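Trainee: predicted structure and sequence below. I'll ask about it afterward.
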Amino acid sequence: MNADYLELDDVRVTFDGFKAVDGVTMTVLQGDLRFLIGPNGAGKTTLVDAVTGLAPATGSIRFGRDELVGRKVHRIARLGIGRTFQTSSVFEQLTVLQNLDIAAGAGRGPLTMLRARLGVPPAVEAALETIGLAGQRDQLAGVLAHGQKRWLEIGMLLVQDARVLLLDEPVAGMSADERIRTGELLQRVGAERTVIVVEHDMDFMRSFATSVTVLHAGKVLSEGTVAEVQADPRVQEVYLGPGSKVQA
Amino acid sequence: MLELQDIHVGYGRTTVVHGATIEVPTNGVAAVMGHNGAGKTTLLRAAVGLLKPSSGRIVFDGEDITRLKPHERVRRGLAYVPQGQQCFPQLTAEENLRLVAETKGGKPVGEALELFPALRPVLSRRAGLLSGGQRQQLAIARAMLTGPRLLILDEPTEGIQPSVVTEIENTVQDLAATGLAVLLVEQHIGFALATAGRYYVLAAGHVTASGHGGAEAIDSVRTAMTI
Amino acid sequence: GSRVDDTAGGTASASSCVDTSGASVKVGFLNSLSGTMAISEKTVHDALQLGAEQINAAGGVLGKKLTVVSEDGASEPTVFAEKATKLISSDCTAAVFGGWTSSSRKAMLPVFEGANALLFYPVQYEGLEASPNIFYTGATTNQQIVPALDYLKEKGIKSIFLVGSDYVFPRTANKIIQAYAKANGIEVKGEEYAPLGHTDFATIVNKVKAAGASAVFNTLNGDSNVAFFKEYRNAGLTASAMPVVSVSIAEEEVSGVGVDNLVGQLTAWNYYQTIDSPANKAFTTAFKAKYGEKRVTSDPMEAAYTSLFLWKAMVEKANSFQPNDVKKAAGGVSYDAPEGKVTVDGENHHIAKTALIGKVGTDGLIHTEWSSGKPIEPDPFLKGYDWGKGLSS
Amino acid sequence: MRYWRLAGFVALALALLVLAPAVLSDFRLSLLGRFVCYAIVAVGIGLAWGRGGMLTLGQGVFFGLGAYVMAMHLKLSDAGPTGVPDFMRLYGSGTVPGWWEPFRSPVVTILGIVLIPALVAFGLGLAVFRRRVRGAYFAILSQALAAAFAILLIGQQTTTGGTNGLNGFRSFFRFNLFDPVNKRMLFYIAAGVLLAMLVIVWQLYRSRYGELLVAVRDQEERVRFLGYDPANVKIVAYVVAAVMAGIAGALFVPIVGIISPAAIGVVPSIAFVIGVAIGGRSTLLGPALGAIVVAWAQTSLSESFPSFWSYFQGALFVLVVAFLPNGLSALASLRRRTA
Amino acid sequence: MEALTGQLFAGLSLGSVLLLAALGLALTFGQMGVINMAHGEFMMAGAYTAFVVQNVIGDAGVSLVVSIPVAFLIGGMLGLLLEATLIHRMYNRPLDTLLVTWGVSLILQQLARDVFGAPNVDVRAPSWLSGSVDLGFTQVPAARLFILVLSVAAVTALALVLVKTALGRRIRAVVQNRDLAETMGISTRATDRLTFFIGSGLAGIAGVAITLLGSTGPTLGTSYIVDAFLVVVAGGIGQIKGTVIAAFGLGLLQATFEYSTTASIAKVAVFAVIVVFLQIRPQGIFSVRTRSLA
Ligand SMILES: Nc1ncnc2c1ncn2[C@@H]1O[C@H](COP(=O)(O)OP(=O)(O)OP(=O)(O)O)[C@@H](O)[C@H]1O
Ligand SMILES: Nc1ncnc2c1ncn2[C@@H]1O[C@H](COP(=O)(O)OP(=O)(O)OP(=O)(O)O)[C@@H](O)[C@H]1O
Ligand SMILES: NC(N)=O
Ligand SMILES: [Mg+2]
Ligand SMILES: [Mg+2]
C-alpha cells in the first residue's frame, strides 16, 4: 500500500456536554479533492481541529499507520498533516520567503537552524512559483492582500511537505477569478496529496470537488459526488435552501 | 445620504486608497467591488471613522462627519458590519446584542431574533465559541439593533452557508426596500448588482469604473475587474 | 598583574592621595539619600552637615576648612562600595563618614582596608567586628543590647520573645540574646523573623500572644515596626502587660509608627533628645535652628555628629591628615558629646558610651528610664562575658 | 543595514578596548566594567524579549546565580585549601556547608557559572512555556521569581551571607584583586565577553532560528501547526539569556567586589530591562548601549542630584517606552532612512 | 485552638487585604490588559489621603469613613490621568504598559517623598476599631474584621456592576474588541476611562484600609504590588470569581506556611505553590476558552 489515506472512525468532540462532532466516520484517499460542506455550526472547523490536534477528540483518526488522536499539535504536523485557518494566519513580521522557509524547516537539525539561510531551498523556490508570489518574496507578509495571504498559507503547506491538506474556507473573500486560480492550484497540488476543503461556495465546489461530505449537527448527513449530494433533499433542506433545486 | 469625497486613506505611511469618491443615495443601495487588497475594507473603515483619511471629506445627511468618532457616527444613524465575523468573544451571543440594545437609540433584542431566528438556540453561548456563520449572523443582527439609516456591510456573505446567504441577500434587499440605505462590499457580483442601484469598482485604491446597478451591468463590471 | 603569591598578605597598601596643600581639606559624607534607607540616613546626613558647618565656623581642622563631598549610597551595598571607592581614590577625601545598615558597612570595609582609608560609622550594630580602618561611633552590643537585657532582668522579666527583621543585625543580636538568656535563667519563648519591609504581622503577633512571654525584644527595622506595633495593639497587647524593648526605633521613627501605638514602650540607645546637658542643649538648639523646630534628634544622628568632632580631635592630636597618623593618635581621644563624654578605644576603634533605656512618652519623645551611669567600655567580641565565649568562633 | 551594524559593532569594540582604557581613570574604568556586565545581561534580554517576546523581569536570578557561584569560589580560595570563609565563622557554625565544597575547584566554578543558570532556566522554561504561560503571565511570574530568590538568599544568613551578601574578596583565580593592573585586566575580560556575546546573538538573529523565534513571538500557536514545538524555541532563547546573565554576574563579582540580594531582586531585575527598552529591544547593539548609557547616567546624575534621579529615571522610562517603543536606536535608523 | 482559629482568621484577613489590593488590578489588568505597576502607588495615594483627611477632620472615626470615598476619587483621578496621558495609546502593546507604569510609579514615589517627607506618617485608627471583637469562638482584631467586610463589599459591588449592568457589559465589550465596540455606538474612550477610574479608585480604597494595619509612606505600594499581581494571575485573567478565590487561597496558604515555618520561607513557598499550580491550570483558576489562535 503506497497511497496515503486519512481514515476517521467514530470521531467525537464534546464541549461541556455539547456534541460539536458526533460520531463522524469517513475516509479520504490520496488524489481526492474532498469537499466538506454543511450548515454554519455543523462542526466542520471542529472536525479539522480534531484532526490537527487542536480540539480534544475521541474515536480514531488514522493517517496511514499513525493514530492521530491524543497526539500533540506539532507531532501531528510532523506526520504530514497541514492546515489553514478560517481567518488567515501568516507571520506578518516576516517576509514571504521567511514564512515559507520556516514552514519548510520543522525537521531541520540544530546546526542548520543556527546558520543563516544562504540560498533559497528548491522546495521554497518551487512553492513561490506555484503560488505566484515569486515577485513578492522579500515583502513582509503583513502587507500582502487577503488573497495573497491565503495563497501564502497554501504555499506553506506545500513546503511543509504536508501529505494531508486541510483547508478551512480557502476562497472566502476572494473574487471570482481568484477563486478559479485557487481551485486550479488545489487541483495541481492535490494530485499526489490528500485534500479536504471546507467551503460554502457552491460554484467553487461544483468546479473542483471530486467528492463531497456533508456534515450536519456533528454527523455525516450525506456523502458522494457533487451531483449526488446536491440532489439529496436533506442537504437541500438544511444547507442549500429552497431554490437550489433549480440549479442542481 | 453618504458621500465619500476624494478620500485618501491608508495605514501609517502607506496609502491604500488614493482619492476615491463614492455616493450612497438616500434610501438607495451602492455596492463596491474589487479584488482582494483593492482597498474596499480600508475605504469602509474610513467611512465609519476607524481610520482617519489623510485628505478628503465624508458627508452624511448633509453633515460633514469627517472628524467624528465612530460611535458618534453610529448615533447619527450609520451602522457597520465589519469583515470577518467579528464579535465580542467572551460575551454571550445575547450579551452581544443587549450591549447594543442598551445604547442610546438601540432597539430591543427581540427584533434581531426575528430577522435571524437561527440565533435563538445559541443565545446563551459565548460568541467566541460560535461557528463562523453564526457569528456573521450575530454581527448583522447587532448592527441592525443600532437602528441605522445607513447600513455598511463588508462582505456579509463570506463564510455563510448557501441557504443563509440567500436569506441574507433577501434580508438586505428587504431592508433596502423599506428605505434603509446600504453600502455593500461584495464578491458575489450577481447579488451585489441585483441589489444595488449604483456600483463602483475599486482597483488598487482607485475607482476604475462605476455606473448603475442591475443585472445588465454584470459584464461591464467583469471587464472592469479583470483589467 | 600581580599574583596573590607576589605580595605577602594580598592587601596592597595604596598610599593616600589626600591633598593637604591648600586651605581646605575634603571629607566625604556617604549616606543613602534615595531608596528605602533614605528615611533614616538623610537625618544622619543633616547632622553631619551641621557638624561640618560648626567646625568650619570655628576655624576648621588644623586651620583648614572642610570641603564636604556628599555621595548617595542609594540604599544599596554595591553603591556604597562604589561610592566609597570614588570618595577615596577620585575625590581624595581625608575621611569618610556614613553608612547605616550593616550590609553597607560590610560592603565598604574591604574598600577602606584595601585603600587604607578611614570610615566613621555612626550606627549601633551587631558587633563581632573591628577593622583598623573603621571607627565605630554607634553602640556595639555590650553598650546597647546587653544593658537592655540587664534592665529586663533587673525588672524581674523571666521570659522573652524575639522578633526581628531577617538580616544580619537582628540575627546576630538574637544569637547574643539567646546566649545571655541561657546564662541568666531567662526563657526565650520564641524567635521570629520577618523579611525587611514585611507588612503583615498577624501571624507573628498571634505567635507572640500564644507564647505568653513577659516581654518582647524587638530588632525589627523600618516600616515593619509600624505594622508590628499596630497589630500588637489591635491584638490587645499593651506596654504594661507585655512591654516591647526596641533597639531600632528612635525619635525619628516614633511619629511614623504612631505615638498612640508606642506610648509606654521601651527603647535602648545611648542618646535621647531629652538628655539634659549643656552639650545636648547646644546640639539640639543648633539642629533645630538649622532644620526647623519640628525636627527631632536621634542616637544615630548624634553619633554621626560626634564622629566628626572625634575625627577632628584625632587629626589635631596627630597633627596630620594621613590615615596612618590618625589611627596612631586615636587611642584615648575623647569628646564631650551630646550623649555625654565619649572616649575612643585605640585597640578596637569603638568608643566608650553610656547606655540608656528610654520610654516613649505621649509627647512622642523618648525619656530616660534607666542609665548605666557611666560610659561602658566597648567590647565588640564580648570577650568580657563568660556567656559570650562561644559567639565568635 | 548590515554594514551599519558592523560599523556600530566595530565602533563599540574600539571604544571599549582602546578608547576607554586610554582616557579613563582606574576608578572610572572599573565603573565602566560594571556597566559592561549590565550590558551583557541586556544583550540576553534583547534576545529573549526583543526577539522572543518573553519579557523576563527576573534576570536578576540568573545574574545572581552566576555571581554567587563566583563569589563562593573567591571566598573559598581566599580562605585557603581547607579554610572557612570569614562570615561563616562569625555568623554560622564555623564549618563550610557541603554544597559550597565543589566550588573550591576553579573548573567546577566556571562550569557552574554557565550550567547552573542554564539548568534553572531550562527547568523553569520547561515548566512555564510547555504550559503556554506567556505574555503578562510570564512577566509577572518571572518578577515573583526574582522576589522569591532574593528572599531566599536573605533568609540564609549563615550560608549565603544574608542581606550582607558576599564580599571582601582578595584574589581572582590567584590574581591579586587590589592590583590596579589586574583590575584593568578584568575590564578587558568583561569587554571581550560583551563583544563575544554580541557576536553570538548577531549570529542567532541572522540564523533561521532567529526567524523562527520572531515567528513564535508573533504567532505562537500557528508555529505548532508547522510541526515545531514553540516551547523549545522559547526555551533556547531563555536559556541563552540566562547564561549571559550568569556570566555577567560572575564578572560583576571581582569587578565590583560584592554581591548581595539587593543587586538581584525585583528592582535591579526591572532595571536590567530599562536599558534594553531605552536602547531598543529588538536591535543588536541597542540593549547593550542602552544598558551602559542608563547605568552611566544613573551614576553620574545621582552624584549630583540624588532625588532628581528618581524623577529622571521614571520620566525617561515613561517617555521612551510610550513614545519610542523601538528605543533610542529607532532615532538612529530614522535618520539613516531619511539620509 | 485559640491559635488555630486565630490563624484561620489571620489567613482570611491577609486574603482580604490581598483582595482589596488586587481587585482594582482584576479590572485594569484582568479586563483591560493593562499591567499597571503604579497601582501600588495609587494605593499609597489612598493612604496619604487618609492621612490628609485625618489632619483636616481630626476625629479618627469620622475621617476614616470620609477617607474611603475621597480616596476612591483621588485614586480614580490619578488613574484617569494616567489613562488619558499614556495608557490610551498603548492598548495594542500591553507588555509595554508594565514598563511605562513602572516609570510612573518611580515618579509618584519620589513625589510623595518630596510632598510628605521620606518618613512614614501616622494615620490613627478610630477608637471603634481598636481592640478586638469577640466572635464567640475567637477574638479577632476589629480593624481586620473591618477590612474583611470592606473587601467583601467592594468585590460584591464590582461583580454586580460587571455582570448585571449595561456599564459592565460595555466595559467587557470594549476590552474584547475596541474597534467593534466603537462601531456599535459605544464610546470606547469614555468606557476605558471609566474602567480605569474604577480600578484605580479601588486601589485608593485599599490604601485607606491598609493604614489600619501598616505604615503609610512612599514605599507602601511596592510591598503589595507583586503579591497583588500574583493574585490576579493565579485567579485567572478576566475573572473576578477567580481573583476572590486566589486572594483568600493565598492568604490562608501564607498564614499556614508562616505559622509552621517563617515569614521568609512562607513567601518563597507560596511562590512555589503558584508555579506548581500554574502547571495544572496555566491560565489561572478560571480560564476562559476561546477558539481564536491568539
Ligand atoms: N470550544 C467550544 N466550546 C463550545 N462550543 C463550541 C466550541 N467550539 C465550537 N463550538 C460549537 O460547535 C459547533 C460547531 O462549530 P464549528 O466551528 O465546527 O462549525 P462550522 O461547521 O465550522 O461552521 P461554519 O461554517 O459557520 O464555520 C458550533 O455550534 C460552535 O458554537
Ligand atoms: N492594518 C494594516 N496595515 C497595513 N496595511 C494594511 C492593513 N490592512 C490592510 N492593509 C493593506 O491595505 C491593502 C488594502 O486592504 P483592504 O483590506 O482594504 O482590501 P480589500 O479590498 O478589503 O480586500 P479583501 O477583498 O481581501 O477584503 C492591502 O494591500 C492590505 O495588505
Ligand atoms: N547596624 C544596623 N542596625 O544594621
Ligand atoms: Mg468553520
Ligand atoms: Mg476587505
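Mentor: Perfect, I can see it now. Numbers count the residues shown, from 1 in each chain, chains lettered A, B, ... in the order given. Ligands and ions are numbered 1, 2, ... in the order given.
Trainee: do a quick rundown of the helices in the chain.
Mentor: With no chain named, the answer covers chain A. Remark: helices assigned in chain A by DSSP state H are A:44-52, A:73-78, A:96-103, A:110-114, A:122-130, A:146-159, A:176-190, A:202-208, A:226-231, A:233-235, A:244-247.
Trainee: wrong chain, I was asking about chain E
Mentor: Going by DSSP H, chain E shows helices at E:2-25, E:39-57, E:60-85, E:94-116, E:142-164, E:166-176, E:178-183, E:188-211, E:222-235, E:240-260, E:263-280.
Trainee: could you dump those helices to TSV with mean neighbour count, mean pLDDT and distance to A:Arg108?
Mentor: Placement of C-beta: from N, CA and C, glycine included. What follows is the helices of chain E, written out as TSV (neighbours: other CB atoms under 10 Å in any protein chain shown; pLDDT from 0 to 100; distance: least, CB to CB, whole Å):
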stretch	mean neighbour count	mean pLDDT	distance to A:Arg108
helix E:2-25	24	89	42
helix E:39-57	25	96	45
helix E:60-85	20	95	46
helix E:94-116	22	91	30
helix E:142-164	18	93	48
helix E:166-176	21	89	38
helix E:178-183	22	91	39
helix E:188-211	26	94	44
helix E:222-235	26	89	35
helix E:240-260	23	92	41
helix E:263-280	18	85	30
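Trainee: let me know which of the helices of chain A is tucked in deepest.
Mentor: helix A:96-103 (a mean of 27; mean count of other CB atoms under 10 Å in any protein chain shown).
Trainee: counting by contacts, list what that one packs against.
Mentor: Other elements packing on helix A:96-103 under the criterion 3 or more CB pairs under 8 Å, 6 or more residues apart in numbering or on different chains; DSSP states H and E are helix A:122-130, helix A:146-159, helix D:208-218.
Trainee: any residue of the last one touching chain E?
Mentor: No. Contact of helix D:208-218 with chain E is not found when judged by CB under 8 Å from any CB of the partner chain; the minimum separation is 10.1 Å.
Trainee: can I get the helix or strand harbouring C:Trp370 in PDB, CA atoms only?
Mentor: Under the criterion of DSSP states H and E, C:Trp370 resides in strand C:366-371. Taking C-alpha atoms only, strand C:366-371 is exported to PDB below (Å, rounded to 0.1, in the frame of the first residue of the first chain):
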ATOM      1  CA  ILE C 366      11.800  59.200  74.500                       C
ATOM      2  CA  HIS C 367      12.600  59.700  78.200                       C
ATOM      3  CA  THR C 368      15.400  58.100  80.100                       C
ATOM      4  CA  GLU C 369      14.100  55.400  82.400                       C
ATOM      5  CA  TRP C 370      17.400  53.900  83.400                       C
ATOM      6  CA  SER C 371      21.100  54.700  82.700                       C
END
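Trainee: now for it, which elements pack on it?
Mentor: Judged by 3+ CB pairs under 8 Å, 6+ apart, strand C:366-371 is in contact with strand C:266-269, strand C:356-360.
Trainee: with distance to ligand 3, mean neighbour count and mean pLDDT added, can I get those in JSON lines?
Mentor: Formatted as JSON lines, the helices and strands packed on strand C:366-371 follow (distance: least, CB to the nearest ligand atom, whole Å; neighbours: other CB atoms under 10 Å in any protein chain shown; pLDDT from 0 to 100):
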{"stretch": "strand C:266-269", "distance to ligand 3": "12", "mean neighbour count": "28", "mean pLDDT": "97"}
{"stretch": "strand C:356-360", "distance to ligand 3": "17", "mean neighbour count": "24", "mean pLDDT": "97"}
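Trainee: can you report how many residues lie near D:Arg174?
Mentor: Using other CB atoms under 10 Å in any protein chain shown, D:Arg174 has 10 neighbouring residues.
Trainee: ditto for the one 5 residues further on
Mentor: Summarising burial for D:Asp179: neighbours were counted as other CB under 10 Å, giving 19.
Trainee: next, it: phi, psi?
Mentor: D:Asp179 adopts backbone torsions of phi -80, psi 120, taken as degrees, to the nearest 10.
Trainee: now do the helices in chain B.
Mentor: Counting by DSSP H, chain B has helices at residues B:40-48, B:70-75, B:93-101, B:109-115, B:132-145, B:162-177, B:189-195, B:218-226.
Trainee: out of those helices, nearest to ligand 3?
Mentor: helix B:93-101 (57.8 Å; CB to the nearest ligand atom).
Trainee: please see if that closest one touches chain E.
Mentor: Yes. Using CB under 8 Å from any CB, helix B:93-101 comes into contact with chain E via B:95-96, B:98-100.
Trainee: quick one: residues contacting the most centrally placed residue in chain C.
Mentor: Against the mean C-alpha coordinate of chain C, by CA atoms, centre = their mean, the closest residue is C:Val123 at 1.2 Å. Counting by CB atoms under 8 Å, 6 or more residues apart in numbering or on different chains, C:Val123 touches C:44, C:99-101, C:138, C:300, C:303.
Trainee: where does the stretch 51-200 of chain E come near chain B, residue by residue?
Mentor: Counting by CB under 8 Å from any CB, the stretch 51-200 of chain E sits next to chain B at E:166, E:169-170, E:172-173, E:176-177, E:179-189.
Trainee: what residue in chain C comes nearest to ligand 1?
Mentor: For chain C, CB to the nearest ligand atom, closest residue to ligand 1: C:Asp200, 40.7 Å.
Trainee: what's the neighbour count on that residue?
Mentor: Using other CB under 10 Å, C:Asp200 has 28 neighbouring residues.
Trainee: just the one 10 residues further on next, same as before
Mentor: The burial metric for C:Ala210, expressed as a neighbour count using other CB under 10 Å, is 15.
Trainee: same question, A:Glu67
Mentor: Neighbours of A:Glu67 using other CB under 10 Å come to 11.
Trainee: ok, how many other residues are close to the closest residue in space to B:Gln173 that isn't next to it in sequence?
Mentor: Counting by CB to CB, 6 or more residues apart in numbering or on different chains, the nearest residue to B:Gln173 once its immediate chain neighbours are dropped is B:Thr195, at 5.5 Å. Residues within reach of B:Thr195, counting by other CB under 10 Å, total 24.
Trainee: relative to D:Leu285, how far out is B:Thr195?
Mentor: Applying CB to CB, to the nearest Å, the value for B:Thr195 to D:Leu285 is 58 Å.
Trainee: now A:Leu36
Mentor: For A:Leu36, the distance to D:Leu285 equals 51 Å [CB to CB].
Trainee: tell me which of the two has more neighbours.
Mentor: Neighbour count, other CB under 10 Å: between A:Leu36 and D:Leu285, A:Leu36 has more, with 27 against 23.
Trainee: how about the residues of chain B near chain E?
Mentor: Contacts of chain B with chain E, taken as CB under 8 Å from any CB, map to B:48-50, B:69-71, B:74-75, B:79-80, B:82, B:86-91, B:95-96, B:98-100, B:102-106, B:126, B:128-129, B:142-143, B:146.
Trainee: out of those residues, which end up buried?
Mentor: Buried members of the residues of chain B next to chain E, scored by 16 or more other CB atoms under 10 Å in any protein chain shown, are B:48-50, B:69-71, B:74-75, B:79-80, B:82, B:86-91, B:95-96, B:98-100, B:102-103, B:106, B:126, B:128-129, B:142-143, B:146.
Trainee: ok, E:Gly168 - contacts?
Mentor: Per CB under 8 Å, 6+ apart, neighbours of E:Gly168: E:161-162.
Trainee: so where do the strands sit in chain D?
Mentor: D:166-167, D:171-172, D:175-176, D:258-259 (DSSP state E).
Trainee: most tightly packed of these?
Mentor: strand D:258-259 (a mean of 31).
Trainee: adjacent strands (with direction) for it?
Mentor: strand D:166-167 (antiparallel) (DSSP bridges).
Trainee: neighbours of the residue lying closest to D:Phe87 once chain neighbours are set aside, just the number please.
Mentor: Nearest residue to D:Phe87, sequence neighbours excluded (CB to CB, 6+ apart): D:Gly161, at 5.3 Å. By the measure other CB under 10 Å, the count of residues near D:Gly161 is 30.
Trainee: alright, that wraps it up for me.
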